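S.K.: Sequence first, then the predicted structure, then my questions.
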Amino acid sequence: MQVFKAKVLDYHFKDETNQTVVVSIDEKSIVFIDKSTSWIDIADYVELHITEKSDKKTTEETLKWVHITISNAKRNLLGNYHKIKGKYLQLYLDEFCYKLNRRYFGEKLFDGFYIANITVL
């Protein structure tokens with residue numbers, strides 16, 4: 001099962017991006033990236049990376065679900081919170097990822113709910 005994560009970066013410089021990749025992505029991963037200079041060293045941290053230049057065709061085909069997910073996140077944040085504060089952005093993204101990942105729990109959803117309630121009690 002794939003688990004979606006999001007991390008707020010203060011800056012998009014190479015060092016911060018590399019640190020985030022090391023902590024967040026398994027070294028056996030295959031990663032699709034854009035041509036940003038922030039990703040210069042990514043080949044050192046993952047098994048395979050595929051670079052896509054963003055154009056109309058890539059946006060409609062390869063990156064379609066990325067754009068849909070980003071659009072859903074923006075709509076969710078603006079619909080629920082109306083005003084986004086930078087200091088809470090990571091919490092907002094964590095909640096969105098939790099809800100996105102919850103779709104894949106299926107029949108295990110009740111088990112997780114049961115375990116969470118037992119832990120609280």
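M.R.: Okay, I see it.
S.K.: got a pLDDT number for the nearest residue to Lys28 once chain neighbours are set aside?
M.R.: In this structure, Lys28 finds its nearest non-sequential neighbour in Glu47, 5.2 Å apart by Cβ to Cβ, 6 or more residues apart in numbering. (Each C-beta comes from the backbone N, C-alpha and C, glycine too.) In this model, Glu47 is scored at 88, pLDDT.
S.K.: you'd agree Glu47 is up against Ile30?
M.R.: Yes: using Cβ atoms under 8 Å, Glu47 is in contact with Ile30, at 6.4 Å.
S.K.: that older thread, which residues touch the residue nearest to Lys28?
M.R.: 27-30 (Cβ atoms under 8 Å, 6 or more residues apart in numbering).
S.K.: Out of those, name the ones that lie in helices.
M.R.: Judged by DSSP state H, helices contain none of these.
S.K.: could I get those as TSV with distance to Ile68, neighbour count and pLDDT?
M.R.: Shown next, in TSV, are the contacts of Glu47 (distance: Cβ to Cβ, whole Å; neighbours: other Cβ atoms under 10 Å; pLDDT from 0 to 100):
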residue	distance to Ile68	neighbour count	pLDDT
Glu27	28	10	85
Lys28	26	8	88
Ser29	21	13	83
Ile30	20	10	83
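S.K.: Just name the closest of the residues you listed to Lys99, please.
M.R.: Nearest to Lys99 among the contacts of Glu47: Ser29, at 23.0 Å, using Cβ to Cβ.
S.K.: Run a quick check on the closest one versus Val46, I expect a contact.
M.R.: Yes: between Ser29 and Val46 there is a contact at 5.0 Å, judged by Cβ under 8 Å.
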